[in-house]
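**Q** this one's sequence-less:
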């Protein structure tokens with residue numbers, strides 16, 4: 001539990017830093033009709049010793065909205081609607097994976113020769129005994145790895161990653177709601 005909480009805090013911290021950088025970039029861009037000058041501000045990396053203040057919800061919401069719009073665009077472009085006609089239902093799946101292309105750090109974006117490229121959604125359904133069992137559902141089939149165009153490969157990877165990003169937002173909402181239901185003592189850290 002503690003390691004999950006630490007990971008969640010670290011992820012939240014990274015997201016907050018990226019949002020702050022993005023906001024600084026927007027604030028420091030001046031537009032004059034005679035000249036356009038962009039000032040790029042790079043904030044130094046700080047070691048966080050205390051919990052950070054809450055990010056403004058508007059910034060986090062706008063990042064999430066942009067992500068959803070891009071997921072929807074890729075959903076249509078990759079024709080995921082053929083296997084899952086209702087866009088909202090794609091977030092009911094418990095997980096999403098990719099076969100034929102590596103998503104781990106050590107093989108990210110590498111196609112696996114001789115394999116077929118598919119977007120796989122994972123759901124859990126009860127078997128005949130009532131026990132939950134993982135079920136893989138193909139949401140998109142894109143042919144042999146060797147014949148895959150680079151642009152299409154990048155869009156497939158982006159779709160899966162952006163889907164996971166939105167799923168993470170939904171999970172954070174769930175845990176935030178649960179935490180809000182718990183009476184928190186005044187001497188806690190956050």
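**A** All right, it came through fine. Model, not experiment: these values are computed from the prediction.

**Q** drop to CA atoms for contacts and neighbour counts, all remaining ones
**A** OK.

**Q** The one helix or strand residue 176 maps to packs against which elements?
**A** If you go by DSSP states H and E, residue 176 is part of helix 150-181. Helix 150-181 makes packing contacts with helix 57-77, strand 95-99 when contacts are defined by 3 or more Cα pairs under 8 Å, 6 or more residues apart in numbering; DSSP states H and E.

**Q** at 10 Å instead, please
**A** Counting contacts by 3 or more Cα pairs under 10 Å, 6 or more residues apart in numbering; DSSP states H and E, helix 150-181 is packed against helix 57-77, strand 95-99, strand 116-126, strand 132-144.

**Q** weakest of the ones you listed by average pLDDT?
**A** Taking each of the helices and strands packed on helix 150-181 in turn, the lowest mean pLDDT turns up on helix 57-77, with a mean of 86.

**Q** What residues of that one count as buried?
**A** 64, 67-68, 70-72, 74-75 (16 or more other Cα atoms under 10 Å).

**Q** Name the nearest residue to the most centrally placed residue in the chain, ignoring sequence neighbours.
**A** In the chain, the residue lying closest to the centroid (Cα atoms, centre = their mean) is residue 165, at 1.2 Å. Spatially, and ignoring its direct neighbours in sequence, residue 165 is nearest to residue 67 (7.9 Å; Cα to Cα, 6 or more residues apart in numbering).

**Q** correct me, but the one you found touches residue 166?
**A** Yes - with contacts counted by Cα atoms under 10 Å, residue 67 reaches residue 166, the gap being 7.2 Å.

**Q** domain parsing for the chain?
**A** If you go by automatic domain parsing, the domain ranges for the chain are 1-53, 56-190.

**Q** and among these, the most buried is which?
**A** With neighbours taken as mean count of other Cα atoms under 10 Å, the domains of the chain reach their highest mean count in domain 56-190, at a mean of 14.
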